[in-house]
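Q: I'll drop the sequence and a predicted model, then ask my questions.
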Amino acid sequence: NAGVTQTPKFQVLKTGQSMTLQCAQDMNHNSMYWYRQDPGMGLRLIYYSASEGTTDKGEVPNGYNVSRLNKREFSLRLESAAPSQTSVYFCASTSGSSSGANVLTFGAGSRLTVL
Amino acid sequence: GNSVTQMEGPVTLSEEAFLTINCTYTATGYPSLFWYVQYPGEGLQLLLKATKADDKGSNKGFEATYRKETTSFHLEKGSVQVSDSAVYFCALSVVGGSQGNLIFGKGTKLSVKP
């Protein structure tokens, strides 16, 4: 099983350029998430989608947009990249049950550098 | 609000040493607690979890006990191996919580030397 697949794995952008990070899961999960990971900061939630057709802001949404294209796919877009967006980005998904004991499955990450 | 605090690293141990990584939490309601592990160059993966007070999660020789009275979920392993070198994240999940329902600590990097 592929699990959660992210593309691209690496990307270098210049300030002001735009790009989209793609994420797809094949586990029939309802909920999907985008996190960024920075040294000493742990993981910070950018946006999430609790179910198909819904998206909500997380802790650090500024400068990003998302699209839940269908149940499988959840993309993250940087409209005008800034050096502060240099980070490793992780997509994750979970079944999204109401129990609270949701286990996240993570992708391998996308390393983005903005010059 | 809900939060997770874990000990700062890096932690460096010799092979076969005892490991403890401290984690405490603040939460409204009754959270589920998790430890995730991130090996170099990879995404996070679940190591263990506990869903109610006094539960013990265990996996791959690691253990953590959900202590409601001390709001803690410390990770322990009796004898670490070089292959345990990774970053460990404590996390909590609250039913109906916002922020995607899962809150992470900042991570503790463990290096095990042969």
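A: Good, I have the coordinates. Residues are numbered from 1 along each chain as shown, chains lettered A, B, ... in the order given.

Q: ok, the residue nearest to residue B:67 when sequence neighbours are not counted - contacts?
A: Excluding the flanking residues, the one nearest residue B:67 by Cβ to Cβ, 6 or more residues apart in numbering or on different chains is residue B:73, at 7.1 Å. For the C-beta atoms, the positions are set from N, CA and C on the backbone; glycine is no exception. By Cβ atoms under 8 Å, 6 or more residues apart in numbering or on different chains, the contact list for residue B:73 reads B:23-25, B:33, B:35, B:50, B:64-67, B:90.

Q: got a list of what residue 15 touches?
A: Went with chain A since none was named. A:81-83, A:114-115.

Q: try chain B instead
A: Contacts of residue B:15 (Cβ under 8 Å, 6+ apart): B:80-82, B:112-114.

Q: secondary structure added to the residues you listed, as CSV?
A: Converted to CSV, these look like this (DSSP: H, G, I helix; E, B strand; the rest coil):
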residue, secondary structure
B:80, coil
B:81, coil
B:82, helix
B:112, strand
B:113, strand
B:114, coil
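
Q: of these - the most surrounded one?
A: residue B:80 (22 neighbours; other Cβ atoms under 10 Å in any protein chain shown).

Q: check contacts around it.
A: Residue B:80 touches B:13, B:15-19, B:110, B:112, counting by Cβ under 8 Å, 6+ apart.

Q: mind checking which helix or strand the residue most central in space within chain A is in?
A: Nearest to the geometric centre of chain A sits residue A:34, at 2.5 Å (Cα atoms, centre = their mean). Assigned by DSSP states H and E, residue A:34 falls within strand A:31-38.

Q: could you do residue A:81 as well?
A: Per DSSP H and E, there is no helix or strand for residue A:81.

Q: residue A:63 against residue A:78, yeah?
A: Yes: look at residue A:63 against residue A:78 with Cβ atoms under 8 Å: they come within range, at 6.6 Å.

Q: intersection of neighbour lists for those two?
A: residue A:85.

Q: compare neighbour counts for those two and give me the winner.
A: Of the pair residue A:63 and residue A:78, residue A:78 is the one with more neighbours under other Cβ under 10 Å, namely 20 against 14.

Q: so what's the closest residue to that one other than its chain neighbours scoring on pLDDT?
A: In space, residue A:78 comes closest to residue A:19 once its chain neighbours are excluded; the distance is 5.6 Å by Cβ to Cβ, 6+ apart. Residue A:19 is assigned 96 on the pLDDT scale.

Q: what residues does chain A have near chain B?
A: A:4, A:31, A:33, A:40-43, A:45, A:48, A:50, A:56, A:58-59, A:90, A:92, A:98-109 (Cβ under 8 Å from any Cβ of the partner chain).

Q: hmm, the strand or helix carrying residue B:25 in reach of chain A?
A: Assigned by DSSP H and E, residue B:25 falls within strand B:23-26. No: for strand B:23-26, no contact with chain A is found by Cβ under 8 Å from any Cβ; the gap never falls below 12.2 Å.

Q: and the helix or strand following that strand, how far out from the chain middle?
A: Later in the chain than strand B:23-26, the nearest helix or strand by DSSP H and E is strand B:32-38. Remark: strand B:32-38 is offset 5 Å from the chain centroid, using Cα atoms, centre = their mean, to the nearest Å.

Q: now strand B:32-38 against strand A:31-38, angle please.
A: 60 degrees (axes from the mean of the first three to the mean of the last three Cα atoms, to 10 degrees).

Q: buried ones in strand B:32-38?
A: For strand B:32-38, burial by neighbour count (16 or more other Cβ atoms under 10 Å in any protein chain shown) applies to B:32-38.
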